[in-house]
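1. what follows is a predicted structure for the sequence shown.
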Amino acid sequence: MVESVKGIAAPVSGINNPTLGKVLEAVVAASREVSRSVRAGPLLPEPASPGVRNVHGELVHPLDIVGTERFVEAFASSKVVAGLVCEELDEPKFFEVTNPASSFMCVLDPIDGSSNADIAITIGSIVGVFPTPSQTALEGETPFLRSGSELIAAAYVLYGSSTVLVLATPGLVQEFTLNEESVQFELTRPSIQIPESCQYYSVNQGYENRWNPPVRRAVGVASKNRSLRYVGSLVSDFHRNLIRGGIFLYPDDSQNPDGKIRVLYEAAVFAYIAAQAGGASSTGTVPVLDLIPSSVHQRTPLYIGNATVVDEINEALWS
Ligand code: AHM
Ligand code: MG
C-alpha cells in the first residue's frame, strides 16, 4: 500500500511501488481535467483545428484532442512513464524518465465512446500499464507488442452521472468516485468481484445480418434469459457488467472481419481488469490476455465478462 497518491483521498491498496503510484497520480491528474471538459459538453471551446481525422480515419472530437493532450502532459511530466501508445496518435510516443529500469509503458484510449460525447452519454478513458522491457530498444512499436498478461495495473475512468475511477492491480479491483467539492477521488467499492449471476448481455444486435452462423449461435447462447443493455461506450457497458453481472460481445462481422475493439488499449486492458475481478475474456479463438498484437492499433473480436458465459460462447463458436 502506498501512503498517498495525490488526488486520491486515502492510502491506496494494491500499489506497493511508489513509482507505480506516480503513474496513478498522472492518471488522476489527467482524468480530473478531462472530467471537467466532459461536463462542459457543447460549451467546451472548439480546438484550433476542428474537423481533423485520426489514424483510423475517424473524425476527431474536441474531447479526443483535450483527452490526448491532458494524458500526454501528465505522463510526460511524471518522469516515470517511458512510452505511450494512444488511440489518437499514429505512432508511439517516448518520454524522458528518471530511471528507465523502474519505469512503465502505458497504453491509452483517452476518450472511449466519443460518438456519445455530443449527447451527454457516459464516455470514459482507458489505461493499461506495462513494465518497461529491459532488453528492447525504446523506439517504434516493438516495446508495445506484448500480451495483456504482462500488464501490471490497469484503470478506467467513467465520466457518467458521477466520475468514477476503477483501478485493477494483481487480485484487486477497486472503485473510487470523484468528490466534486474536494476534487479528490474517494474509495467507494473496496473490492469488486464480478457477480456469478449474469443478468445482462451487451452487443450491437443491429449487426445481426452481418454475423456468420457460429457468431449467431454464440450471441444466442449469451442472450438467453438475459436483458439486453448496450450503451455503445465499451467503458460503460463493461462497468455495468462488472458491477451488476453481465457479458459484452463485439464479434467479427462481414464489414469488420477483425471486429472493432482495439487489442492493446481496449481489449487487453479490460481483459486484465475482468481477470482480477474473477471474470474472463476471449477473442473467440484465444483468451484475450494471451493475444500478442502485431501492430499497436490492431483490432480483435471481443467476448468479455462472466467467466461461465465466456466458456459457453467459446463452445458455441466452435461446436
Ligand atoms: P471509440 O474508441 O472510437 O469510441 O470506439 C470504440 C467504441 C466502443 O466504446 C464501443 O463498444 C463500440 O465502439 C461501439 O461500436 P458500434 O457503434 O459499432 O456498436
Ligand atoms: Mg475506444
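-> Looks like it came in fine. Ligands and ions are numbered 1, 2, ... in the order given.

2. and for the closest residue to ligand 1 within the stretch 1-150 of the chain, the neighbour number?
-> Taking Cβ to the nearest ligand atom, ligand 1 has its nearest neighbour within the stretch 1-150 of the chain at Gly113, 4.2 Å off. C-beta: built from backbone N, CA, C; applies to glycine. The number of residues packed near Gly113 is 21, by other Cβ atoms under 10 Å.

3. also the one 10 residues further on?
-> Taking other Cβ under 10 Å as the neighbour definition, Ile123 ends up with a count of 27.

4. returning to that earlier point: quick check: phi and psi at the residue of the stretch 1-150 of the chain closest to ligand 1.
-> phi 80, psi 30 (degrees, to the nearest 10).

5. contacting residues for Tyr200?
-> Residues in contact with Tyr200 (Cβ atoms under 8 Å, 6 or more residues apart in numbering) are 226-229, 240-241, 244-247.

6. tell me what it is bridged to.
-> Ser227, Gly246 (DSSP bridges).

7. give me the pLDDT for it.
-> The per-residue pLDDT reported for Tyr200 equals 98.

8. same deal with Gln135?
-> 86.

9. now do the one 4 residues further on
-> Predicted confidence (pLDDT) for Glu139: 95.

10. which SS class is it?
-> Classification of Glu139 using DSSP: H, G, I helix; E, B strand; the rest coil returns coil.

11. indicate whether the longest helix anywhere in the chain makes contact with ligand 1.
-> The single longest helix within the chain, with elements called by DSSP state H, is helix 18-40. No: Helix 18-40 lies out of reach of ligand 1 by Cβ under 6 Å from any ligand atom, never closer than 13.4 Å.

12. I'd like the distance from that helix to the chain centre, please.
-> Computed by Cα atoms, centre = their mean, to the nearest Å, the chain-centroid distance of helix 18-40 equals 14 Å.

13. show me what the mean pLDDT comes to for it.
-> The model assigns helix 18-40 a mean pLDDT of 97.

14. beyond it, next helix or strand please.
-> As assigned by DSSP states H and E, the chain's next helix or strand after helix 18-40 is helix 62-78.
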